[in-house]
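Q: fold the following.
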Amino acid sequence: MDKNMNTSEFVERFNETKKKDEQNRKRQGHGNPAKKLASKDQLKQ
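A: This is a model prediction of the structure:
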């Protein structure tokens with residue numbers, strides 16, 4: 001972490017990371033395999 005970062009910058013970066021993580025979890029179907037996007041292997045069948 002940058003030593004010069006203030007609290008609001010830290011919180012902003014933290015929230016961005018959290019949002020990206022949630023989007024990745026949805027995209028990868030964590031907790032709900034039915035919502036997982038099809039891979040190329042599954043599309044070939």
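
Q: ok, how many other residues are close to residue 3?
A: Neighbour count for residue 3, taken as other Cβ atoms under 10 Å: 4. From N, CA and C alone the C-beta is placed, and that goes for glycine too.

Q: do residue 8 as well
A: 8.

Q: again, but for residue 13
A: 13.

Q: how far away is it from residue 27?
A: Going from residue 13 to residue 27 by Cβ to Cβ, to the nearest Å gives 21 Å.

Q: give the rounded mean pLDDT of the biggest helix by length in the chain.
A: Secondary structure of the chain per DSSP state H: the longest helix is helix 7-28. Helix 7-28 shows a mean pLDDT of 89.

Q: buried ones in that helix?
A: Within helix 7-28, no residue counts as buried by 16 or more other Cβ atoms under 10 Å.

Q: give me phi/psi at residue 6?
A: phi -90, psi 180 (degrees, to the nearest 10).

Q: how close does it get to residue 24?
A: 27 Å.

Q: does residue 5 belong to a helix, a strand or coil?
A: coil (DSSP: H, G, I helix; E, B strand; the rest coil).

Q: how many neighbouring residues does it have?
A: By other Cβ under 10 Å, neighbour count at residue 5 equals 12.

Q: can you pull the contacts of it?
A: For residue 5, the contact set (Cβ atoms under 8 Å, 6 or more residues apart in numbering) comprises residue 13.

Q: can you report phi and psi for it?
A: Per degrees, to the nearest 10, the backbone of residue 5 is at phi -70, psi 130.

Q: quick one: it and residue 13, what's the gap?
A: For residue 5, the distance to residue 13 - Cβ to Cβ - is 8 Å.
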